[in-house]
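Undergrad: Okay, predicted coordinates and the sequence, questions at the end:
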Amino acid sequence: MKFHEMHENDVANQLKTNIEHGLSSKVVQSKQKQFGWNELEEREKQSLLLLFFNQFKDFMVLILLAATLLSGLLGEYIDAIAIMAIVTLNGFLGFFQERRAEKSLHALKQLSTPQISVLRDGKWMKKPAKEVVVGDILKFSSGDRIGADMRIVAAHNLEIEESALTGESVPTPKKTEPLPPAKNSLGDLENMAFMGTMVTRGHGVGIVTAIGMKTAMGQIADMIQSAEVIITPLQRRLEQLGKILITVALLLTILVVFVGVAHGHDLYTMFLAGVSLAVASIPEGLPTIVTVSLSLGVQRMIKQKAIVRKLSAVETLGCASIICSDKTGTMTQNKMTVTHLWSAGKTWTVSGTGYVPEGSFYHQEQLVVPQQQKCLHQLLSFGLLCNHAEMIKKDKEFIIDGDPTEGALLVAAMKAGLTRKQLMQDYTIEKEYPFDSKRKMMSIVIKDKQQRRFVITKGAPDVLIQRSKAIQWDKESRSLDDKEKQAVLTEIEILAEKALRTIAIAYKPLHEDPKKLSEEVIEKNFIFLGLQGMIDPPRPEVKVAVKECREAGIKTIMITGDHVVTAKVIARELGIFHNKSMVLDGQSLDGMTVEDLQAVVEDVSVFARVSPEHKLMIVKALQKKGHIVAMTGDGVNDAPAIKSADIGISMGITGTDVAKEASSLVLLDDNFATIKSAIKEGRNIYENIRKFIRYLLASNVGEILVMLFAMLLSLPLPLVPIQILWVNLVTDGLPAMALGLDKPEEDVMKRKPRHPKEGVFARRLGWKVISRGFLIGVVTLIAFIIVYYRNPADLPYAQTVAFATLVAAQLIHVFDCRSEHSVLSRNPFGNQYLLWAVIFSFAMMIAVIYVPVLQPIFHTVSIAKLDWLLIIGLSALPTFLLAGSIFATKKHNI
Ligand code: ATP
C-alpha cells in the first residue's frame, strides 16, 4: 500500500481509524491478538544445553575427565565416579552463574524499552512501544525514537534523522502533503516516519502503517542485529590476568608433579594429583563471578532508582572525580509555581502553592483583579497561548502533562480565571517554532478574528530583551533604548536574586505570511511585554548528596540553561558555590577555546545560560585536566556531551530517547542524589570484586604451595586429588559469591576516587594474596607434618587433618577479605550470605570427614576431638597474624 501517495484522511479510512479519536481499546486488543506485538524478532539465543556443555570445554577440565576415565578403566571406580560428580557439580555451578548473569543483562535491556504517546478512545496515553498496532495514532517530539512506521498527519518544524535506515545523517524535514508517485526510496518519503529513526526537531502526529517485522526496519533487522557480547574493561583485564594465572598455575603444577616424581612418587598418582591441582587452582570461574557480581550490583542500583545501560559504567562510576549536573529537575524539584510578575514597571505577586489553580494577585500587598490590569492580563493570556502544558486532575491532585515551566504559566493564567479553550475562540494558531535550549525561546503565530497576525514568544528574558525594539507600557508601546533595556535587565536580576526562574513574554504584529519568513526574521524586533518569575525549590536531599560527594573527593558542577544569578543563588544554597568559585556563562564560553577553558575549568562550579553544545566543551576541558567526568542531560542536543563523558547520565522522566540511548546510566527519578548512590554502589561493586579475587587467589596459592612444599620436603601427598577438587568446589564457590554481595565498608565514600588505570592488585592486594596464600599453605603443611610424624603409618588421618586445616583456613580467611583494613575492623557477621555460605561449607566438610559412606569416597577418616584444637588454632593463624600488620597500614590506605 502506497500510503505516502494518499491523502491523510484516505489513509485513516483505509486503516479504519480516526485521527481525532484514535482506535478503541477493544479494536486494539483484537488487533494485538491477531497481529502480535510491535517487536523485532530476536535471533536464536545460545541453547541451555550448549551453555551447560560449554562449562566443560576448558582444556584442563577435559584432561581431568580423560584422566578420570583412565582411572576408571584401571579399576579405581570410586575415585572416577567421585571426580566426575564433582566436575559435573562444578559445571552446574558455572552454568547457573552464567544463566543468572545472562538473565539480569536481559532484564536490563527490557527496562530501557521506550514508551510512546498514543491516542486511544479519544485520550492521549503513554504505552510501551511494543503495544502499538496498525491504525494507532502516535504523537512524537524532538528526542523521541519513532516506535513504528507511520504516515505523518501533523508536522511542526519536524525533522527526523533516518541514518539507521538510509545512511543519511542529515535530518530530513518532514511534511504532511501526499507525494507524487515518482518518489519511492525511503529517503524520499517526506511524509512518512520509520521505526527506529530519531526526531531531532519539532513535533508531529502520525498514523501507524506497519509494526514489528513488517516495518522498514524489520525488513533489515536481521542485518543489524549483531550478536554483540558486551565486555567491560575490568572483565577484559581479568581475562588477561586469567591467562597469566593459568600459565603460572600450570607451571607450578608441573613443578609439583616433577618434584613429586623425582622424590619417588609414582607417575600415575602424581599425574592425577597434578591435574586436579591444576583444575582447582585455575580461577576459571573468575570472569563469570565478576559478571554476576556486576549484574547483581546493577540490580541493587535499580532499587536505588539508577539503571545502568552499559555494564562498563559500573566500573567507571567508582572513578568519577567530577559530576556535571543540570539544575532544573535534577537538583531542583521541577515543580514550578509563578510567584512574581512584572510588566510596565509594575510588580505583582501571586498566592497559592504547587499546581493547584487557586490563588490571588496582589500589587503592593493590595488585592487586584487581573482582568482589570491590561498588561498583567495580556502577560497571563500570552503565557497561556504560547504553551502546550495540560492540567490533569487525578484523585483530587492537580498534575501537569507537559513541561513544568509551561505548567507554571498555565496555572498562573488559571488563577486569573483564564482558559485556553476560551482564548482559542478568539485566535487560531497558524504556526509554531518549538522551544529549544539553544534559542531559549518558543514562538507561535496567531491570527485573530479580524485576520490580524501576531507573533507571541516566550523565553529567557535576557535573550528576548536583546531581540526587542519596544516595550509595552500600559496602553501603548514605547521604543526601547539601551538605558531602558538596562533597567529591564535590573528587574530580571531582582527576580533572579530571589532564586526565581524567569520567563519573558514578547510579541509583535506580523503583516506577512509566516511561511515566507525565516525563524530568524520571525523572532526579532519584538515588543517586550513582561516577566513571570517562578520558584523551583531545591530537592532537600541534594545538599547532603553534594556534601557526601565532596567528602568522597568528587566535585559537583552545576550546568544550567537558566539565568546566571538564579543559578548562583541555588548553587550557593546547595553548597556547590563558594566565595572562591567561579561562574561562567554561555557568552564567555563562546569566546573561548577548549584550551582557554582548560586553564580555568577547575575553579568553575557553575556554568549558566549555556547551550547543550557547551557541555561537550566542558567535558573535553575537564577530561584534558585528567578528570573522570559524569555528565547529565535530557535533550537531543545533550547527546554528544553525554556520549563523550566517561559516565553519561540521562533522565528517566524528562529525558528523551536520544539522550537515554547515548547514556550509560539512567536516573529513574531524575534526582542528583541518585547519582551519588550509584557512585557509592559502583565503588562497592569494584571493592567486592577485589574481595573475591583476593579470596580466590589466596586460596589457590595456599593449595598449590602446600603440595609444592610437601613434595620439596619429600613428604607423602598431603591431599588426595578428590580432596583438592572438593576444596575447589565448596570453598571457592559459595563464599566467593557471597563476598560479591557484601555491603560497602563505612569509609567507602570517604576515600578518593579510584584511578581509572589502577590495576586489580593495587593498594597492596597482590601482597595480601601472596602473604595469606603462603601462610595458608604453611599452616596446612604444619598440621600435616605434626600429625603425620605422630603416626606415619596412618597417612589418611594426616591427609584428613591437612584437608580440614586447609578448608578451615580458607573459611576464616574469607572474613578477612571483607575489609581493606583488617578482619577486626568490621563485624564479621555483617554479611548474612557469607555467614551461611561458611556454615554450609563447614558442615559439608564435617560430613565428608565423619559420614561413613563418604569416607571411602573422599579418603577421609574421623578426626579425634583434640586435633580440632590444632586445626582451628593453625587455620586461624594466617588471618590473625596479619591483622595487626594491616592495622598499621590502615591510614595509608584511606
Ligand atoms: P537546566 O539546563 O538546568 O535543565 P533549564 O531548564 O533552565 O536548566 P533550558 O531548558 O535550556 O535549561 O532553558 C533555558 C532557558 O530557556 C530557561 O532558563 C528559560 O528562561 C527558558 N525556557 C525554558 N523552558 C522554556 C519553554 N518551554 N518555553 C520558552 N522558554 C523556556
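TA: Great, that's in hand.

Undergrad: burial count for the closest residue to the ligand within the stretch 151-300 of the chain?
TA: Nearest residue of the stretch 151-300 of the chain to the ligand: H203, at 12.5 Å (Cβ to the nearest ligand atom). Yep, even glycine has a C-beta here, placed from its N, CA and C like the rest. Using other Cβ atoms under 10 Å, the number of residues around H203 comes to 19.

Undergrad: which residues does the closest residue to it other than its chain neighbours contact?
TA: The shortest distance from H203 to any non-neighbouring residue, by Cβ to Cβ, 6 or more residues apart in numbering, is to S141 (3.6 Å). Shown in contact with S141 (Cβ atoms under 8 Å, 6 or more residues apart in numbering): 199, 202-204, 434.

Undergrad: between the residues you listed, which is nearest V636?
TA: Proximity of the contacts of S141 to V636 (Cβ to Cβ) peaks at V199, which lies at 7.9 Å.

Undergrad: Verify the contact between that closest one and G147 for me.
TA: No - using Cβ atoms under 8 Å, V199 is not in contact with G147, being 10.9 Å away.

Undergrad: which of the two has more neighbours?
TA: Between V199 and G147, G147 has the larger neighbour count (other Cβ under 10 Å), namely 30 against 25.

Undergrad: Checking that one next. Helix, strand or coil?
TA: Classification of G147 using DSSP: H, G, I helix; E, B strand; the rest coil returns coil.

Undergrad: and it, what does it touch?
TA: 38, 114, 116, 129, 132, 138, 140, 195.

Undergrad: Can you get me a residue count around the residue nearest to the first one when sequence neighbours are not counted?
TA: What it means is N38. Spatial nearest neighbour of N38, chain neighbours left out: I211 (3.8 Å); criterion: Cβ to Cβ, 6+ apart. Using other Cβ under 10 Å, I211 has 27 other residues around it.

Undergrad: now do M711
TA: 24.

Undergrad: Also I399?
TA: 12.

Undergrad: What of F92?
TA: F92 has 11 nearby residues by other Cβ under 10 Å.

Undergrad: Next, find the distance separating the residue of the stretch 451-600 of the chain found nearest the ligand from D536.
TA: At 2.4 Å from the ligand, G561 is the closest residue in the stretch 451-600 of the chain, using Cβ to the nearest ligand atom. From G561 across to D536, the span is 13 Å (Cβ to Cβ, to the nearest Å).

Undergrad: for Q34, same thing?
TA: Taking Cβ to Cβ, one finds Q34 at 48 Å from D536.

Undergrad: more crowded one of the two?
TA: D536 (23 against 8).

Undergrad: Hmm, M331 and the more buried one touching each other?
TA: No - taking contacts as Cβ under 8 Å, D536 lies outside contact range of M331: 9.5 Å.

Undergrad: residues touching the closest residue to L376 other than its chain neighbours, list them.
TA: For L376, ignoring the flanking residues on the chain, the nearest one in space by Cβ to Cβ, 6+ apart is P370 at 5.2 Å. Counting by Cβ under 8 Å, 6+ apart, P370 makes contact with 361, 376-377, 380, 416-417.

Undergrad: any chance of those in TSV, with neighbour count too?
TA: Listed next are those as TSV, based on neighbours: other Cβ atoms under 10 Å:
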residue	neighbour count
F361	20
L376	23
H377	18
L380	31
A416	21
G417	13
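
Undergrad: got the residue ranges for the helices in the stretch 351-500 of the chain?
TA: 374-385, 404-415, 420-423, 461-466, 482-497 (DSSP state H, counting those that start in this stretch).

Undergrad: Find the centremost residue of this protein, please.
TA: L665 (1.9 Å; Cα atoms, centre = their mean).

Undergrad: what's the pLDDT at that residue?
TA: Note for L665: predicted pLDDT of 91.

Undergrad: Wait, it touches R309, no?
TA: Yes - with contact defined as Cβ under 8 Å, L665 reaches R309; the gap is 6.8 Å.

Undergrad: Render the CA-only coordinates of stretch 396-406 in CSV, please.
TA: Output in CSV follows, covering the C-alpha atoms of stretch 396-406 (Å, rounded to 0.1, in the frame of the first residue of the first chain):
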residue,chain,number,x,y,z
LYS,A,396,-8.1,15.5,43.8
GLU,A,397,-4.5,16.1,42.8
PHE,A,398,-3.5,18.5,40.0
ILE,A,399,-0.9,17.1,37.6
ILE,A,400,0.8,18.9,34.7
ASP,A,401,1.1,16.9,31.5
GLY,A,402,4.0,18.6,29.7
ASP,A,403,6.9,21.0,30.5
PRO,A,404,6.8,22.2,34.2
THR,A,405,7.8,25.7,33.1
GLU,A,406,4.8,25.9,30.8
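
Undergrad: model confidence over that stretch, on average?
TA: 89.

Undergrad: list the buried ones in stretch 245-254?
TA: Under the neighbour-count criterion of 16 or more other Cβ atoms under 10 Å, stretch 245-254 has 245-246, 249-250, 252-253 buried.

Undergrad: next one: it to chain centre, how far?
TA: With Cα atoms, centre = their mean, to the nearest Å as the basis, stretch 245-254 stands 39 Å off its chain's centre.

Undergrad: can you confirm S650 is in a strand?
TA: Yes - S650 sits within a strand when classified using three-state DSSP.

Undergrad: Tell me who's in contact with it.
TA: Contacts of S650 (Cβ under 8 Å, 6+ apart): 632-634, 638, 642, 659-660, 662-663, 665-667.

Undergrad: can I get those residues in a markdown table with distance to G122?
TA: Below are the contacts of S650 laid out as a markdown table (distance: Cβ to Cβ, whole Å):
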| residue | distance to G122 |
| --- | --- |
| T632 | 37 |
| G633 | 35 |
| D634 | 30 |
| D638 | 34 |
| I642 | 37 |
| A659 | 31 |
| K660 | 29 |
| A662 | 35 |
| S663 | 35 |
| L665 | 38 |
| V666 | 32 |
| L667 | 33 |
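
Undergrad: Now that we have those, can you turn them into CSV and tack on distance to the ligand and secondary structure?
TA: Putting the contacts of S650 into CSV (distance: Cβ to the nearest ligand atom, whole Å; DSSP: H, G, I helix; E, B strand; the rest coil) gives the following:
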residue, distance to the ligand, secondary structure
T632, 9, strand
G633, 8, strand
D634, 7, coil
D638, 9, helix
I642, 13, helix
A659, 12, helix
K660, 16, helix
A662, 16, helix
S663, 15, coil
L665, 17, strand
V666, 16, strand
L667, 13, strand
